[in-house]
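Engineer: Kindly return the folded structure for what I paste below:
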Amino acid sequence: MLTTDKPKLNYYTRAELAEYWGITVSRIDQLAHQRGIQPDLEVGRAYLYTPDTARKLAPRSFNGYPLLPPRD
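Structural biologist: Residues are numbered from 1 along each chain as shown. Have a look, this model is predicted:
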């Protein structure tokens with residue numbers, strides 16, 4: 001049986017994380033560099049992070065919950 005459901009992407013983009021955390025994409029790049037974190041996947045110029053890697057990138061000043069943007 002064929003399904004037309006789109007698979008859920010289990011990656012976050014820098015822009016998506018930056019918007020949710022209220023910081024700039026360049027700040028995410030800076031945090032990644034400081035913490036030695038590499039993107040899990042690069043597609044063109046887009047850097048994609050798995051939830052585990054994204055949690056390591058979260059700025060310490062972010063007090064929101066949940067730590068990552070919710071997925072629909």
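
Engineer: pLDDT score assigned to the residue nearest the centre of the chain?
Structural biologist: Centre of the chain computed as the mean C-alpha position; nearest residue by C-alpha atoms, centre = their mean is Y12, 3.4 Å away. We have a pLDDT of 95 for Y12.

Engineer: so it makes contact with L67?
Structural biologist: No. Y12 is not in contact with L67 according to C-beta atoms under 8 Å; the separation is 11.0 Å. Quick note: C-beta positions are derived from backbone N, CA and C, even for glycine.

Engineer: Averaged pLDDT, the longest helix belonging to the chain. What do you get?
Structural biologist: In the chain, taking DSSP state H as the definition, the longest helix is helix 25-35. For helix 25-35, mean pLDDT rounds to 96.

Engineer: Which of the residues in it are classified as buried?
Structural biologist: Neighbour counts over helix 25-35 (16 or more other C-beta atoms under 10 Å) mark I28, L31, A32 as buried.

Engineer: Quick one: list the elements packing against it.
Structural biologist: In terms of contacts (3 or more C-beta pairs under 8 Å, 6 or more residues apart in numbering; DSSP states H and E), helix 25-35 is packed against helix 14-21, helix 51-57.

Engineer: Tell me the buried residues in the longest one?
Structural biologist: Going by neighbour count (16+ other C-beta under 10 Å), the buried part of helix 14-21 is R14, E16, L17, A18, Y20, W21.
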